[in-house]
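J.: Pasting a predicted model and its sequence here:
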Amino acid sequence: MSPWSSQTPPEMLTVHGLGVSGGIAIGRAIVIETRAVDVFRFPLTEADIGPELDRFHEAVAQARREVERTRDHTAANLGDELGAIFDAHLLVLADPGFLARVEEHIRDEQVNAEWALHKTAEEVAEAFARMGNEYLAERGADIQDVVGHLMRQLQGLAHHELKEIDGPVVIVADDLAPSEAVRLGREKVVGFAIESGGRTSHTTIIARSLKIPAVSGVKGVTALVTDEAPVIIDGEAGLVVLHPTAEVLADYERRVGELARRELGLRATRDLEACTADGTPLALMANIDLPEELPDAVELGAQGIGLYRSEFLYIEKSPELPTEEDHLALYRQMVESAAPHPAIIRTYDLGGRKLAAQILDSIEENPVLGLRGIRLTLARPEVFRIQLRALFRAAAYGDLWIMVPLVSSLDEVRRFRTFCDEVLEELAAEGVLHRRDVKIGIMIEVPSAALIADILAREVDFFSLGTNDLIQYSLAVDRNNEHVADLYQPLHPAILRMLYSVIRAGHAAGIEVSLCGEMATDPRYAALLVGLGLRRLSVTPRLLPQIKTRLRSLAVADLRELAESCLDLPTAADVEARLDAFLSLGMVTADALDS
Ligand code: PEP
Ligand code: MG
C-alpha cells in the first residue's frame, strides 16, 4: 500500500504560521514536545504509596530503555562521541542518591511521583547553582534533561526518540533548540513545523542555513498530528498541510520542481555586478552558521563573509570544547573561501538560547538579558583565549576581521582590546605565525550601544548592525515568542531612526557600517536600508540572488528620498505601505506618493 493512502484517510487540515525558510518539503511527521508542562501536587493515602513507587520505578525503567535506544541510534548515525552524551543520562537514571531522593518525597510527604520529581529537580538545581563549578554545571544540565524525560513518561506524553522511519522526516515541534535543529537537519529531516519562534529565532536561522523549508509560529500544531502522519511544509506561503489529499500532494510535487527551476535561474545572477541602478557599488556578503554553507556562498557570488556565528562550532563540538586547532582550521577555511573579500568572524555569542552549559555554571532566570556574548567572553577568558589565539593565527591566511557580539558599553570594548593585546603578546613570545593588524569591530544590537554609536565609533574599526537583537531589545519583544511575533516590527519608526543614527555616526567617524541581521533578507527592506545609507549587507547565501536583482533595479537617489520620508512616518504599517507603493511604482518619488 502506498505510504500516502490508508483505508480511512484522516481529513486534510491546513494550518497557518510564518514561512521562515523557503521551499516545500514533503515527509512524515515526528512530533517533539519539549516545553515544560504543569506539574500538580496530589496528596496520597498510606495505601497509595506502594503503587506510586511502582509507577515511578516503571517510568525510570521505560526512560532507561528509550535513552539506550537513542544512544545506540545516535552512535550509529552520528558517531560514538555524540552517542556518549546519552551515557551521562543513563548514569543519572541509575544514580541511587537521585532516585532515593524522589522516593523519599513520595513516602515522607505522601505526594504523587510527578511532584516528588519536580521537588527533587528544584533541590538539585539549587545545589548545583551554589557549587559554581563547570564540570558540575554540566552534570546539572544532564540531570535536568533526565528529569524532563522522566516527567514525560509519568505524564504519559508522547516522547520523541530518533526512531527509524521510512523516507523523509518532517519535525513537528512545540519548540526546538538551535543545536537540536542542526543535529536533526543533518539527518533525514526535510522540513520543520514549529509552534514557537518568529523569523529571527536561531532555530529558523539554522533551517535557512541548511536550506530546510520551515514554518514557525504554528500554534497548537503538535496536538493536531501524530508520529508518521504525512505532512507538507510550505515554507513559501507559511502553511503546514496535514494528511494531504492525493490531488494536493500531486500539486505540491509539481511545485517542488518549479521552485528548483526558479532557484537555478536565480543562480545566473552570480556574475552580475552588485550595484544599484545608478552604478553605486554594494557589498553583498554571506552570513554563515555551518561550514556546509560555504560552497553556496562562493557559488552565489557572495562578496565575502559578513558574519560567521562561531558559537555553532562550539555547539557542534559540545560536550567537548573546540580546540585551538579546530578553530584555526575552520577560520582558515573561511578566509580562504572568502578571498579576495573579507571574512568577518564573530567571537562566540554564547548564552541566551544558544546554551553554554559547559561555560555557564548557573541556571539563569532570564538568559537573554544575562551572561551572553561579550559579557561571557570577559567573564571566562580561559575559554575565549583559545578562540582569540586561533583568530589572530588564521588572520595570517587572508583578510579576517574580528567582530564582538552584544556590546553595550565602551568599557567592554576597551576590556576586549586589552584581552586581544595580551593574546597578541603571547603569540609573539611563542613565535607562532599570526597577524597583528586585524580589524576589530562590534555588533550594534543593544539599544545602549546604538545610542552611543558616536563614542564607540572612535575606538572600533567597524560596526555591524544586528537587527535581530536590536529589534528584540528595543521593542521589548522576544524574537522567539510566537505570541508577540506580530509586534516584532523591523519597520517600526523607532528601529528606522535608530539604524539611521548609527549609520550616520559610523560614517561621520569614517568607519565601515554593515548590517547582518535578518532584516536585510527581505529584498524590500534591503532597498530601504540602502536608502538609509548602508552599502554592505550580509544575508543567508541562498537569498543573495533575490536581493541583488532587486537592488540592481533601484537608484540610490530615489531610495534616499524614500528612506528620508519613511523616517517621519508614525507607524510600521505606514512605512510598509509607502515602501510597497514605491517598489510597485518603480521610480516614483516619495513626494509623488504623498499627493
Ligand atoms: C543579530 O542579532 O541581528 C545577529 C545577526 O546576531 P544573532 O542573530 O546571532 O543574535
Ligand atoms: Mg544578535
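T.: Now that the structure is in, tell me what you want to look at. Residues are numbered from 1 along each chain as shown. Ligands and ions are numbered 1, 2, ... in the order given.

J.: Name the residues of the chain found near ligand 1, please.
T.: 307, 309, 349, 445, 466-469, 516-517 (Cβ under 6 Å from any ligand atom). Any C-beta I mention is one placed from the backbone N, CA and C, and that applies to glycine too.

J.: same thing but 5 Å
T.: 445, 466-469, 516-517 (Cβ under 5 Å from any ligand atom).

J.: List, out of those, those positioned next to ligand 2.
T.: The subset of those lying close to ligand 2, counting by Cβ under 5 Å from the ion, consists of 445, 466, 469.

J.: At the contact with ligand 2, which residues of this protein appear?
T.: Of all the residues in the chain, those lying near ligand 2 are 445, 466, 469, going by Cβ under 5 Å from the ion.

J.: Considering the ones next to ligand 2 among the residues of the chain next to ligand 1, which possesses the most neighbours?
T.: Within these, most neighbours by other Cβ atoms under 10 Å means residue 466, with 30 neighbours.

J.: Give me the nearest residue to that residue, chain neighbours excluded.
T.: Taking Cβ to Cβ, 6 or more residues apart in numbering, and ignoring the residues beside it in sequence, residue 466 has residue 445 as its nearest neighbour in space, at 3.2 Å.

J.: Can you list the residue ranges for helices in the stretch 451-595 of the chain?
T.: If DSSP state H, counting those that start in this stretch is used as the criterion, the helices of the stretch 451-595 of the chain fall at 453-456, 467-475, 493-508, 523-531, 544-552, 556-566, 572-585, 590-594.

J.: Where does the prediction get shaky in this protein?
T.: Scanning the chain for pLDDT under 70 picks out 1-9, 35-38, 73-74, 77-79, 82, 132-139, 155-165, 319, 352-363, 586-595.

J.: Can you name the residue of the stretch 251-400 of the chain nearest ligand 2?
T.: residue 349 (6.1 Å; Cβ to the ion).

J.: From what I see, that residue and residue 404 are in contact.
T.: No: between residue 349 and residue 404 no contact is recorded; they are 9.1 Å apart, counting by Cβ atoms under 8 Å.

J.: joint contacts of those two?
T.: A shared contact of residue 349 and residue 404, defined by Cβ atoms under 8 Å, 6 or more residues apart in numbering, is any residue touching both; here these are residue 373.

J.: Look up how far ligand 1 lies from residue 494.
T.: Residue 494 sits 16 Å away from ligand 1, going by Cβ to the nearest ligand atom, to the nearest Å.

J.: Name the nearest residue to that residue, sequence neighbours excluded.
T.: Counting by Cβ to Cβ, 6+ apart, residue 474 is the residue found nearest to residue 494 once chain neighbours are left out, at 5.9 Å.

J.: quick one: contacts for the one you found?
T.: Residue 474 makes contact with 447, 450, 492, 494-495, 498, according to Cβ under 8 Å, 6+ apart.

J.: Those into TSV, with extra columns for neighbour count?
T.: Written out in TSV, the entries for those read as follows (neighbours: other Cβ atoms under 10 Å):
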residue	neighbour count
447	16
450	23
492	19
494	13
495	20
498	21
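
J.: Show me the two of those that sit farthest apart.
T.: 450 and 492 (13.5 Å; Cβ to Cβ).

J.: longest single helix anywhere in this protein?
T.: In terms of residue count, the longest helix belonging to the chain (DSSP state H) is helix 49-78.

J.: rewinding a little: how about the residue nearest to residue 466, what does it touch?
T.: Residue 445 makes contacts with 405-406, 465-470, 473, 517, as judged by Cβ under 8 Å, 6+ apart.

J.: how near is it to residue 301?
T.: Taken as Cβ to Cβ, to the nearest Å, the spacing of residue 445 relative to residue 301 amounts to 27 Å.

J.: try residue 372
T.: For residue 372, the distance to residue 301 - Cβ to Cβ - is 33 Å.

J.: Of the helices of the stretch 451-595 of the chain, which is nearest residue 256?
T.: Ranking the helices of the stretch 451-595 of the chain by their distance to residue 256 (criterion: Cβ to Cβ) puts helix 544-552 first, at 18.8 Å.

J.: Relative to the whole chain's centre, how far out is that closest one?
T.: 24 Å (Cα atoms, centre = their mean, to the nearest Å).

J.: now for that helix, which elements pack on it?
T.: On a contact count with 3 or more Cβ pairs under 8 Å, 6 or more residues apart in numbering; DSSP states H and E, helix 544-552 meets helix 246-266, strand 283-288, helix 523-531.

J.: any idea how far residue 450 is from the residue of the stretch 451-595 of the chain found nearest ligand 2?
T.: Nearest to ligand 2 in the stretch 451-595 of the chain, going by Cβ to the ion, is residue 469, at a distance of 3.7 Å. For residue 469, the distance to residue 450 (Cβ to Cβ) stands at 11 Å.

J.: about what we covered before: ok, residue 349 and residue 404, which is more surrounded?
T.: Neighbours were counted for residue 349 and for residue 404 using other Cβ under 10 Å; residue 349 has more, 27 against 24.

J.: and that one, helix, strand or coil?
T.: When the structure is split into helix, strand and coil by DSSP: H, G, I helix; E, B strand; the rest coil, residue 349 lands in coil.

J.: Which elements pack onto the longest strand along the chain?
T.: Scanning the chain for the strand with the most residues, using DSSP state E, yields strand 24-32. Using 3+ Cβ pairs under 8 Å, 6+ apart as the contact criterion, the secondary-structure elements in contact with strand 24-32 are strand 169-173, strand 189-194, strand 230-234, helix 246-266.
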